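Enquirer: my questions are about this predicted structure, shown below with the sequence.
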Amino acid sequence: MQRLLNEFVTLFAVLDPFSTLPVFLALTHGMNATESRRLAVRAVTVSAAVLLFFVIAGNALLKALGIPLSSFQLAGSVVLFLFGLKMIFGELHGPAEGAAPEANHDPAVFPLAIPTIAGPGAILTVVLLTDHTQHGFGEQLETIVEIAALLVIALLFLFAAPRIVRVIGASGISVIARVMGLLLVSLAVHGGVLAVASLQLVSKVPS
């Protein structure tokens, strides 16, 4: 149960549905309720497909590239650490400045699904949490269910975006994003320590 809770908090902090709201509202400005809901559904569907791909093929890609999981975990911890710092200091505003959707390009794919929902932090996290060398099939399945549940929560957040912003305001979203960033930094440091310890153990094993 503790493992599931830790994973849920980690995934929630990485996906951070609150930080998606400003991007979604900007993209749906001028749309009616039906159009904005369809955009939200497409974005979450694409995000689910991307994350599921990395759940299934992430470890195979690492093997093909010859990258040990401990090295990937350390790199992921660094990325999550920087990601968390940007959230804490308010430098994370969804897609980069000037990253407007291209002509004839579905904004549900870019910038809403990638990189706002299924960003680098989320991809790294799902690969680490579903590593088949450390987690059995049952644990991997539980993690997939958690990812699906959180994406449903993210979809509900997008559906209720105008009301949420009216209730908590931009300041409330900013505060929540910083708290999520602090959680990510803490988790990244913990993961980095474990990765370094793992690399040290591997280096001591006689060849």
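Expert: The structure has been received and is ready for your questions.

Enquirer: CA atoms only for the helix or strand hosting L82, dumped as CSV, please.
Expert: L82 belongs to helix 69-88 when assigned by DSSP states H and E. The C-alpha trace of helix 69-88 is given here as CSV (Å, rounded to 0.1, in the frame of the first residue of the first chain):
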residue,chain,number,x,y,z
LEU,A,69,18.7,1.2,-15.5
SER,A,70,20.7,2.7,-12.7
SER,A,71,22.2,5.2,-15.2
PHE,A,72,18.8,6.0,-16.6
GLN,A,73,17.5,6.4,-13.1
LEU,A,74,20.2,8.9,-12.2
ALA,A,75,19.6,10.8,-15.4
GLY,A,76,15.9,10.8,-14.7
SER,A,77,16.5,12.1,-11.2
VAL,A,78,18.5,15.0,-12.6
VAL,A,79,15.8,15.8,-15.1
LEU,A,80,13.1,15.6,-12.4
PHE,A,81,15.2,17.8,-10.1
LEU,A,82,15.5,20.5,-12.7
PHE,A,83,11.9,20.1,-13.6
GLY,A,84,10.9,20.5,-10.0
LEU,A,85,13.2,23.6,-9.6
LYS,A,86,11.5,25.3,-12.6
MET,A,87,8.1,24.6,-11.0
ILE,A,88,9.3,26.0,-7.6
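
Enquirer: what does it contact?
Expert: 14, 16, 19, 59, 62, 92, 119-121, 124-125, 127-128, 131, 133-134, 177-178, 180-185, 187-189, 191-192, 194-196, 198-199, 202 (C-beta atoms under 8 Å, 6 or more residues apart in numbering). Quick note: C-beta positions are derived from backbone N, CA and C, even for glycine.

Enquirer: just the angle between the helix ranked longest in the chain and helix 69-88, please?
Expert: The longest helix of the chain (DSSP state H) is helix 161-204. If you take axes from the mean of the first three to the mean of the last three C-alpha atoms, to 10 degrees, helix 161-204 sits at 150 degrees to helix 69-88.

Enquirer: phi, psi for G66 please.
Expert: phi 70, psi 30 (degrees, to the nearest 10).

Enquirer: for Q134, same thing?
Expert: Per degrees, to the nearest 10, the backbone of Q134 is at phi -110, psi -20.

Enquirer: same question, D16
Expert: phi 40, psi 70.

Enquirer: residues touching it, list them.
Expert: Contacts of D16 (C-beta under 8 Å, 6+ apart): 87, 177, 180.

Enquirer: look at the first one and report its pLDDT.
Expert: I take that to be M87. pLDDT for M87: 73.

Enquirer: count of neighbours near H132?
Expert: When neighbours are counted by other C-beta atoms under 10 Å, H132 registers 13.

Enquirer: circling back to that earlier point, where neighbours are concerned, which of the contacts of D16 has the most?
Expert: Counting by other C-beta under 10 Å, top hit in those: M87 with 25 neighbours.
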